[in-house]
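Visitor: My questions concern the predicted model and sequence given below.
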Amino acid sequence: MAAKKLSESFSKRLIDEVQRWGAMKQTGVSLRYMMEFGSTPTDRNLLISAQFLHKELPIRIARRAIELETLPYGLSQKPAILKVRDWYLDSFRDLRSFPEIKDTNDELEFTQMIKMIKVRHNTVVPTMALGVQQLKKGLNPKIDYEDLDEIHQFLDRFYMSRIGIRMLIGQHVVLHDPNPPDCVGYIHTKMSPVEVARTASEDARSICLREYGSAPDVKVYGDPSFTFPYVPTHLHLMVFELVKNSLRAVQERFMDSDKIAPCVRIIVADGIEDVSDEGGGIPRSGLPKIFTYLYSTAKNPLDEQSDLLTANVSTMAGYGYGLPISRLYARYFGGDLQIISMEGYGTDAYLHLSRLGDSQEPLP
């Protein structure tokens, strides 16, 4: 049935080509390489970069398109997942129908096209979340989420690959703009984790204020002059997610109490960030679930409004996606995220960042 559906909207030639490209080997890139290569964005370097992407992106995109076709439990047939699959096939076709890149004019045209591809895929995460919701509605409620391991592993691979694709496209596109000092595309060569943690916490607090009318304080400890090369948007996303979870836990625990809500602490040590709260912790039975995509303690924003355009992505609580995706961002450049919780007291999140940038992209 899936094959028939596919061939109705996409030619057999395209499907064969997707299979062929999906079997090719991906090539990983390290943060350090992106940094050194991008620090001199000459026409020649941009040309080399575009030629690399012209060959690399179709391989990565084809792999995801193939996987989207073969998901367990009938997930591939859910309307939201079919929509995502079509985006991937459209992007594959755009890349493959683009002729060889020979000069700067070709390169500039190619850059415009991959910019469009990145925009087309902007809402992949909430759309996939919707697909998983559509699946959960039809599943036996008694099913153990651990049995859905295959889906978790697929989503981990899928989102990790998406982070890589967006990083490669974004990095190439941004190199065309004049770089602010100490920036090479998305990479800040002297990023201060303390500064990023401060802005991310402020952003998280403003969302908490909007939802609850008040928000616990966040204290950031560490040396603001300590810097290393990293992608600030990635760190911002991870800290924002961790702080937001902590604020919500503390707020809900102390909302009706006459005690003053304790502050959330962020400690930035050399290469490690520790976000801790006294929000009552996570029950031990819940800990294995916090990194799965099918679990959230918050009310689900997708149930209330299935129209994704109006779903405010910044609420994010409720997709059950913040933590597992944050951990993928950490792992993308060789770091990790661990959560340690004491039930009845609070939770500690340890975010390890690899500062050398020598680790290769993990290629699912």
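Guide: In hand now; what should we look at?

Visitor: In which helix or strand does Ile266 reside?
Guide: Element membership of Ile266, judged by DSSP states H and E, is strand 264-269.

Visitor: Strands along the chain, start to end?
Guide: 183-184, 187-191, 218-221, 228-230, 264-269, 272-277, 336-342, 346-352 (DSSP state E).

Visitor: In CSV: those, plus mean neighbour count.
Guide: The C-beta positions use only the backbone N, C-alpha and C, and glycine is treated the same way. Compiled in CSV, the strands of the chain are given as follows (neighbours: other CB atoms under 10 Å):
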stretch, mean neighbour count
strand 183-184, 19
strand 187-191, 20
strand 218-221, 17
strand 228-230, 20
strand 264-269, 22
strand 272-277, 23
strand 336-342, 16
strand 346-352, 21
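
Visitor: hey, least reliable of those by pLDDT?
Guide: In terms of average pLDDT, strand 272-277 trails the rest of the strands of the chain, at a mean of 81.

Visitor: so what secondary structure elements neighbour that strand?
Guide: If you count contacts as 3 or more CB pairs under 8 Å, 6 or more residues apart in numbering; DSSP states H and E, strand 272-277 packs onto helix 232-254, strand 264-269, strand 346-352.

Visitor: Quick check: buried residues in the longest one?
Guide: Which is helix 232-254. Buried positions in helix 232-254, judged by neighbour count with 16 or more other CB atoms under 10 Å: 232, 234-251, 253-254.

Visitor: that older thread, any chance of the strands of the chain in a markdown table with distance to Val29 as columns?
Guide: Output for these, formatted as a markdown table (distance: least, CB to CB, whole Å):
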| stretch | distance to Val29 |
| --- | --- |
| strand 183-184 | 13 |
| strand 187-191 | 12 |
| strand 218-221 | 31 |
| strand 228-230 | 14 |
| strand 264-269 | 27 |
| strand 272-277 | 25 |
| strand 336-342 | 20 |
| strand 346-352 | 21 |
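
Visitor: JSON lines for the helices and strands packed on strand 272-277, including distance to Ala62?
Guide: Formatted as JSON lines, the helices and strands packed on strand 272-277 follow (distance: least, CB to CB, whole Å):
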{"stretch": "helix 232-254", "distance to Ala62": "25"}
{"stretch": "strand 264-269", "distance to Ala62": "40"}
{"stretch": "strand 346-352", "distance to Ala62": "32"}
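
Visitor: Looking at the ones you listed, spot the one closest to Thr42.
Guide: The closest of these to Thr42 is helix 232-254. By CB to CB, the value is 24.8 Å.

Visitor: What angle do strand 272-277 and the closest one make with each other?
Guide: Angle, helix 232-254 to strand 272-277, by axes from the mean of the first three to the mean of the last three CA atoms, to 10 degrees: 20 degrees.

Visitor: before we move on, the earlier item: wait, which of the strands of the chain is closest to Leu82?
Guide: strand 336-342 (31.5 Å).

Visitor: Just the CA trace of that closest one, in PDB.
Guide: Taking C-alpha atoms only, strand 336-342 is exported to PDB below (Å, rounded to 0.1, in the frame of the first residue of the first chain):
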ATOM      1  CA  ASP A 336      26.100  14.500  26.800                       C
ATOM      2  CA  LEU A 337      23.200  15.300  29.100                       C
ATOM      3  CA  GLN A 338      22.400  13.400  32.300                       C
ATOM      4  CA  ILE A 339      19.500  13.800  34.700                       C
ATOM      5  CA  ILE A 340      19.800  12.800  38.300                       C
ATOM      6  CA  SER A 341      16.800  13.200  40.500                       C
ATOM      7  CA  MET A 342      16.000  12.800  44.200                       C
END
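
Visitor: which residues are in contact with that strand?
Guide: Here strand 336-342 makes contact (CB atoms under 8 Å, 6 or more residues apart in numbering) with 238, 281-282, 284, 287, 290-291, 323, 326-327, 330-331, 347-352.

Visitor: Which residue of the chain lies farthest from its centroid?
Guide: In the chain, the residue that sits farthest from the middle, by CA atoms, centre = their mean, is Asp258; the gap is 38.3 Å.

Visitor: And the pLDDT for that one?
Guide: On the pLDDT scale, Asp258 gets 82.

Visitor: give me the number of residues near Arg42?
Guide: Slight slip there: residue 42 is Thr, not Arg. 8 (other CB atoms under 10 Å).

Visitor: Where do the helices of the chain begin and end?
Guide: 2-9, 12-22, 31-38, 43-69, 79-96, 104-120, 124-138, 149-174, 193-212, 232-254, 301-304, 322-332 (DSSP state H).

Visitor: re the thing from before, show the secondary-structure elements that the strand holding Ile266 is packed against.
Guide: helix 193-212, strand 218-221, helix 232-254, strand 272-277.

Visitor: what's the spacing between the shortest one and its chain's center?
Guide: Think strand 218-221. 25 Å (CA atoms, centre = their mean, to the nearest Å).
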